[in-house]
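Enquirer: need coordinates for the below:
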Amino acid sequence: MDTVEHVRERLLARFPGAEVTVVPNGSPAGQHSLLISAAHALEIARYLRDEPGLAYDQCSNVTGIDWRDREVIDIVKDSQPGAPGGPPVVVERKVKRIEPGYLEVVYHLYSLARREGPVVLRLRTGNRSTAVSVPSLTPVWRSCEFQEREVFDLFGVVFTGHPDLRRILMWDGYQDHPMRKDYVEPDDYEWEPTPHGDVLTKAKRHYPAPTAPGMTNDE
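Expert: This is a model prediction of the structure:
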């Protein structure tokens, strides 16, 4: 059975300048993945599909992940003078920094010809706002077409080279991406025919103000 380490070795041998990193998975399944650079994504995808010893001819699943900015605490060691005539003293201090977030696209590949898989590939955007593009892998695996559209729609990842990149669940003109972790759900449920529970509570905010007995809303 192919391991991610074995696949990574083959990719680096074929594409020496590519960035291919093993992303470990600490779950009981231990399904590790390969983070590949966007610059070599299409070449790597075609190689994984066309190389006879690999032959990953099916992409079964494409999904997105939103990684928000996170606070990281680094331990910094400073050397300070010690007692007179003694050695310097090492003092540790904590330094906080913000690690920028990004969007990630995950592909699950199988080789039907060799009955192998999955090999899991990851592509990352530069950030969550201005650099949200990655290459589309639809030209390599046609099964990616609708699934990349879904990731575009719900996460906002722009797939360059996609043959028909448009929304697939939300309507044209919708301005947000509902699977983003900072997505704010609208509270306008006026259209809901039978609101109940939390939906009813939200819908009431948009109901007309009650009128006094014997009066109309025009008075």
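Enquirer: neighbours around Asn61, how many?
Expert: Using other C-beta atoms under 10 Å, Asn61 is surrounded by 14 other residues. Placement of C-beta: from N, CA and C, glycine included.
Enquirer: got a list of what the closest residue to it other than its chain neighbours touches?
Expert: Closest residue in space to Asn61, ignoring its immediate chain neighbours: His108 at 4.3 Å, by C-beta to C-beta, 6 or more residues apart in numbering. Neighbour list for His108: Cys59, Ser60, Asn61, Val62, Gly117, Pro118, Val119, Val120 [criterion: C-beta atoms under 8 Å, 6 or more residues apart in numbering].
Enquirer: just the buried subset of these, please.
Expert: Cys59, Val62, Gly117, Pro118, Val119, Val120 (16 or more other C-beta atoms under 10 Å).
Enquirer: so where's this structure shaky on pLDDT?
Expert: 188-193, 212-219 (pLDDT under 70).
Enquirer: domains of it?
Expert: Split into domains by automatic domain parsing, the chain comes to 4-67+103-184, 187-219.
Enquirer: JSON lines for the ones you listed, including distance to Val89?
Expert: Formatted as JSON lines, the domains of the chain follow (distance: least, C-beta to C-beta, whole Å):
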{"stretch": "domain 4-67+103-184", "distance to Val89": "37"}
{"stretch": "domain 187-219", "distance to Val89": "57"}
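Enquirer: need the winner for burial among these.
Expert: By mean neighbour count, with neighbours taken as mean count of other C-beta atoms under 10 Å, domain 4-67+103-184 ranks first of the domains of the chain at a mean of 16.
Enquirer: check the offset of that domain from the chain's centre.
Expert: 9 Å (C-alpha atoms, centre = their mean, to the nearest Å).
Enquirer: one more: stretch 70-84?
Expert: The answer for stretch 70-84 is 34 Å, by C-alpha atoms, centre = their mean.
Enquirer: what sits against Glu71?
Expert: Taking C-beta under 8 Å, 6+ apart, we find Glu71 in contact with Lys96, Arg97, Ile98, Glu99.
Enquirer: and it, which of the three is it?
Expert: Three-state assignment for Glu71 (DSSP: H, G, I helix; E, B strand; the rest coil): strand.
Enquirer: cool, and Ile44?
Expert: Secondary structure assignment for Ile44 (three-state DSSP): helix.
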